[in-house]
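Peer 1: Next comes the sequence, and after it the predicted model I'd like to discuss.
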Amino acid sequence: MALGRVRLFRARRVDSVGVLTMVVLLGPHQVHGSNARTEAEYRLFQRAILRRNGRGDPWVYLGPPPLMFVSGGKCVIDCPNCGNGPVVDVSRRLALCCECGAVCEGVGVPAAEDLETLTAIMANRPQAARNSRHADDQRPATLSELDVENVERGLPPVLDDTEAIVAARRAAVADAADAQHIRERR
Ligand SMILES: [Zn+2]
């Protein structure tokens, strides 16, 4: 994937201890709270929920690893077994389904640089709009497409090429409108 260089990305640190106060992409800790701060806690949390709901023990999913996407700011997968949306521990590429018990290892996550770019793009959006799939058909959006969406909504670009893409698109729309206008006057 050809990408422009990341122009703006700075984690916002506000206090002297350097605590990262703005978490953009949410993982098990942010979604499940202090029950899932570590991998071990996340696994225990899954086991406890399954047990509480009478669903048996966790089991390892052995099919092709699912791909992570971002939904409402959460890093999730479509559970390949039940379609639920378990949250992904990106650094461990692990998603634990609390619905059916699937343990999904080796989840497909973006490479580090792409993840940084994705985070920067999502940081410019309100949480509800932090989605990495197209709303209409659920197709995964490219980083460029996501950044273009931001600029079209008046948000600052992250990638170098985005403003040029948006300008070209606006020019094409204006040309089409002109052509339509000329046809209508004939
Ligand atoms: Zn499941």
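Peer 2: Everything's here; your move.
Peer 1: With only the CA atoms kept, save stretch 129-147 in CSV.
Peer 2: Provided in CSV are the C-alpha atoms of stretch 129-147 (Å, rounded to 0.1, in the frame of the first residue of the first chain):
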residue,chain,number,x,y,z
ALA,A,129,-17.0,8.1,14.0
ARG,A,130,-13.9,6.0,14.7
ASN,A,131,-14.7,3.3,12.2
SER,A,132,-12.3,1.7,9.7
ARG,A,133,-15.0,0.1,7.5
HIS,A,134,-17.2,1.8,5.0
ALA,A,135,-20.6,2.4,6.5
ASP,A,136,-22.6,1.3,3.4
ASP,A,137,-21.0,-2.1,2.6
GLN,A,138,-18.7,-2.8,5.6
ARG,A,139,-15.7,-3.0,3.2
PRO,A,140,-12.4,-2.2,5.0
ALA,A,141,-11.4,1.4,4.1
THR,A,142,-7.8,2.2,3.2
LEU,A,143,-5.9,4.7,5.3
SER,A,144,-6.1,7.1,2.4
GLU,A,145,-9.9,6.7,2.2
LEU,A,146,-10.2,7.3,5.9
ASP,A,147,-8.1,10.5,5.8
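Peer 1: Now that stretch: buried residues?
Peer 2: 130-132, 141, 143-144, 146-147 (16 or more other CB atoms under 10 Å). For every residue, glycine as well, the C-beta is placed using N, CA and C.
Peer 1: Those residues: which two are farthest apart?
Peer 2: 130 and 144 (16.9 Å; CB to CB).
Peer 1: Looking at the buried residues of stretch 129-147, which are in helices?
Peer 2: The helices, defined by DSSP state H, take in 143-144, 146-147 from the buried residues of stretch 129-147.
Peer 1: so who does the nearest residue to residue 75 once chain neighbours are set aside touch?
Peer 2: Using CB to CB, 6 or more residues apart in numbering and skipping residues adjacent in sequence, the residue nearest residue 75 is residue 88, 4.3 Å away. Residues near residue 88 by CB atoms under 8 Å, 6 or more residues apart in numbering: 27-28, 68, 75-77, 94-95, 107, 109.
Peer 1: Residue 147 reaches residue 160, doesn't it?
Peer 2: No - Residue 147 is beyond contact range of residue 160, at 9.8 Å (criterion: CB atoms under 8 Å).
Peer 1: Touching the lengthiest helix in the chain from outside, list them.
Peer 2: With secondary structure taken from DSSP H, the chain has its longest helix at helix 162-185. Applying CB under 8 Å, 6+ apart, the contact partners of helix 162-185 are 4, 144, 147-148, 150-152, 157.
Peer 1: Tell me the pLDDT of residue 41.
Peer 2: If you check residue 41, the pLDDT there is 96.
Peer 1: Actually, residue 135.
Peer 2: 89.
Peer 1: would you say it is within a strand?
Peer 2: No - under DSSP: H, G, I helix; E, B strand; the rest coil, residue 135 falls outside any strand and is assigned coil.
Peer 1: and the gap between the residue positioned nearest the centre of the chain and residue 167?
Peer 2: With distances taken as CA atoms, centre = their mean, residue 70 lies nearest the centre of the chain, 2.3 Å away. Plainly put, residue 70 is 27 Å away from residue 167 if you go by CB to CB, to the nearest Å.
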